[in-house]
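Chemist: from the sequence below, what's the structure:
(chains A, B and C)
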Amino acid sequence: MTQLLAVDNLSKRFGGFVALDGISISVNPGERIGLIGPNGSGKSTLVNCICGTLQNEAGSVRFDGHLIDGTTAHQRTRRGLARTFQLPRPFASLSLADNMRIPLLYTVAARGSGHSAHDIEARCIDLLREVGLDSKAKRLPRELTQVEMRKLELARAMAAEPKLLIADESMAGLTHSEVEEILTLLKRLNGQGVTIILIEHIMRAVMSFSQRLVVLVSGRKIADGDPNDVVRDPEVERAYLGQ
Amino acid sequence: MRTDLFFLICLVVGGIVFAAAIALGNDYYFFAGYVVLQYVVLSTAWNILGGYCGYVNFGSAAFFALGAYSTVAMHKLAPVPIPVLVVIGGVVSGVVGFGMGYLTLRLRGAFFAIATLALAVVLQTLIVNWDFVGGSRGAYIVRPESIAPFGSYIKYLFLIMMLLAVGAITVARLIERSRLGYGFATIRDDELAAEACGVPTLTLKLVATTISGALMGMAGAPFPYYIGFLQPSSAFGLDYAVNSIAMPLIGGTTSWVGPLIGAILLGSLQQIATVTISSAVNLLLVGFLLVGFVIVAPNGIVGLVHKYIQHRPVGQVGRRRVEADAPGSAPGPTP
Amino acid sequence: MIFSFDLLINAIVSGILIGAFYAAVTAGVSISFGILDIVNIAHPAFIILGSYIAYIINVTFGLDPILTSIIVTPAFYALGAGIYQIYYVSFEKRGQESLRGLAFFFGLLFITEVTLVLYFGVDYRYVEAPYIGPTLHFAFLDIPLRILVPSLVSLLLIAVLQLMLTRTFVGRAIMAVAQDQFALKLMAIDPIRIKRIAFGISIATASLAGAFLIIIQPVEPSVGREYIGRVFAICVLGGMGSLPGTVIAAMLVGVVESLTSTFYGPSWAPAVSFGFLLFTLAVRPAGLLGR
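Modeler: I've put the predicted structure just below:
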């Protein structure tokens, strides 16, 4: 089975600061991966390098068998890589429905599946319905609550029909039940065949969701395996959980 | 409303305006009207990059002047009719727009804006030192007295500019309603998120810069015939830079309607003011209006109208169809 | 093009001196754009305003322009603080600084220039002072005092600014606000107040730069425009907010402009700095001493 994502010895520095130091991760199709690490450990930098927002300086990133180093973010999205942002970044002047429209127009359409205008309209509403936001389809993002914004962010990532979704701290600041809502949504997506990397600080969510747990500390991967084993790893405890 | 229908309606309206101006019997209206129409094109062109994409171009005068100077250069090489000159002006400015975009669009909006200023000065310096087009001494273009079947030449120039104005707003409206328009909006709202959604931001920005530059060049191409004697200082004049920014911002940057309103209002005001008071005071007023509107009414006149007619503030930008399609809401003005 | 060693040395020296002056002109923008990330393209207009104030006082009372500008500095500071307040409330707070903020400053630039034209007309104005006129001669080197004096005072101004930014509490808060506003808040420092102070200082430097300008050359309202590109070119080239970088970049630009002007003719000089800017932006946006 070809790996969906193969990150090999990835490095990234900002001036003198080494953000990522030789990271290697592989993800198989259909997996649910949890990625954890203290603040500043490089998780978001890793996501940015994988998704093309930043370019890595050393190492390589392979997606679906293709080398994607040097390609732009939008090219990677078209290949099937989608991500949410830690702080939601909706298109503020567009309605929720129009926010869904963008990936449909620019990613799905670019892959050659020509939808008619009517289909696109229907698809936008469907996507919002999956996250329970269809009643607010014509509203603007600034009218949404925190958890609704996160759902919108996820829905928009899903609109791009990705093979791999990286959910970057989609649950930060949410209540217990809101966290459950998002988790249910993500599990459902995974059931539909989307590989998911979940980056989170909320341990119970990560533990219940992940088949495999990866731990990042100071730009290095220090653990990668079964969540229960990783959690008991003394180095992990020392670096992260013990604090 | 479909685009071709819109285009026809605009042509009809333009035709009515033209007939009305003829009926008034004074060529002055054509001279003044030419300037206003020129500003319609310039503002609409600026707004495609500035209002839709959020990238501010301070060098509108440069693209305008390029169009004017390509006419001067062509005039010395081979006489061609004005419509051909317009196309040439558009191509030259479009290419330069593309080139400049390629150099600077990878950078943040602020750097792009500064780069456009730099470009304007570099181009002006090049032209000033290029004797073939007259350099700092200027270049004369002899305007024919009359041309059949219009009569005075200015009527012909007015008509050309009218066609350009109609074309410009049709193009702007077409963009707005297309996939391209959505893409532009995402660039304005959040480029990073746009890229993550699959929008090829650099390509779209280049498209915007090229179209915007080309339209400005087309507006500039007939200018030497209008003015008769072209100097770099008049072609690269600051009033072009200020007006092409002030008019869309005052009219409203969200759609093609804003620049049109801004250009007609502000342009007419300035034509009246130049006759009654000095042109310096006139420009001062533009400056104050620009600052005032930008602080108090960021969505321009269009935004103010939206607020009062529909009792609901339009986001930061209004996708007009949102309000119009919303179930139960009163049908909004659908242009 | 007549090449002579004398000409070359003179061009280089004069370029360095003018460069020092350019650094003073740019210092304000290094603070407002380099540190605060505010694209104040109206800065040159304030400099011209400073020039005209120095001119008026000089013509009416015979007071030395540099002295005038120092006295007027508090007024410019207040002006800067006021402008920042409007800018913050209208744009920064609403998150609209990219389009509307730029247009705002553009409008200010315009209003200032046109008001000066209405008041003073478009004639060139110049000031009188004991050091305007005499020239120092060292063998083949000619150094007009009207260039030397402002250059030296410019370097003094930069040194004072650098000391303030690195040694005083307010100065370091200014440097900090560029990097982490939130951290500043946690230390019970109001970032908006700091930015207001910084912007005030930025405009205050314009007063002094204006005096230097009118000593070096006669001034009329549109002279500011040729400085817009220069100032941002130097700011970017100098690494955005680094005052030492600004000085080096300014002298580089000064020398290249001077050489171009001497050997190719003054009509090409405006294109130099702007060409520099385009080149820098295209190739190395982080500047020479990149951040």
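
Chemist: and the nearest residue to residue B:86 once chain neighbours are set aside, what is it in contact with?
Modeler: Distances taken as Cβ to Cβ, 6 or more residues apart in numbering or on different chains place residue B:221 nearest to residue B:86, at 4.5 Å, with adjacent residues excluded. (C-beta placed from N, C-alpha, C; glycine too.) Taking Cβ atoms under 8 Å, 6 or more residues apart in numbering or on different chains, we find residue B:221 in contact with B:67, B:68, B:70, B:71, B:82, B:85, B:86, B:88, B:89, B:90.

Chemist: name the element the third one belongs to?
Modeler: Of the helices and strands defined by DSSP states H and E, residue B:70 is found in helix B:60-77.

Chemist: residue 205: neighbour count?
Modeler: Went with chain A since none was named. The number of residues packed near residue A:205 is 21, by other Cβ atoms under 10 Å in any protein chain shown.

Chemist: that answer is for a different chain, and I need it for chain C
Modeler: Using other Cβ under 10 Å, residue C:205 has 32 neighbouring residues.

Chemist: contacting residues for it?
Modeler: Residue C:205 touches C:24, C:27, C:28, C:31, C:157, C:161, counting by Cβ under 8 Å, 6+ apart.

Chemist: mind doing that once more with 7 Å?
Modeler: Residues touching residue C:205, when contacts are defined by Cβ atoms under 7 Å, 6 or more residues apart in numbering or on different chains, comprise C:24, C:27, C:28, C:157.

Chemist: just the ones in helices from these, please.
Modeler: C:24, C:27, C:28, C:157 (DSSP state H).

Chemist: from chain B, how far off is the residue most central in space within chain A?
Modeler: By Cα atoms, centre = their mean, chain A has its centre lying nearest to residue A:166, at 1.4 Å. Residue A:166 is 10 Å from chain B, where distance means Cβ to the nearest Cβ, to the nearest Å.

Chemist: for that residue, which non-adjacent residue is spatially closest?
Modeler: residue A:83 (4.2 Å).

Chemist: thought that neighbour was touching residue B:197?
Modeler: No. If you go by Cβ atoms under 7 Å, residue A:83 and residue B:197 don't touch, sitting 10.2 Å apart.

Chemist: near chain C, which residues of chain B show up?
Modeler: B:50, B:54, B:56, B:58, B:103-104, B:107, B:109-111, B:113-115, B:117-119, B:121-122, B:125-126, B:128-129, B:242, B:245, B:249, B:280-281, B:283-284, B:287-288, B:290-291, B:294-295, B:298 (Cβ under 7 Å from any Cβ of the partner chain).

Chemist: which of the residues you listed count as buried?
Modeler: Those of the residues of chain B next to chain C that meet the buried threshold are B:50, B:54, B:56, B:58, B:103-104, B:107, B:109-111, B:113-115, B:117-119, B:121-122, B:125, B:128, B:242, B:245, B:249, B:280-281, B:283-284, B:287, B:290-291, B:294-295, B:298, by 16 or more other Cβ atoms under 10 Å in any protein chain shown.

Chemist: what segments of chain A are strands?
Modeler: Using DSSP state E, the strands found in chain A span residues A:5-14, A:17-27, A:32-36, A:58-63, A:66-67, A:81-83, A:164-168, A:195-199, A:212-217, A:220-225.
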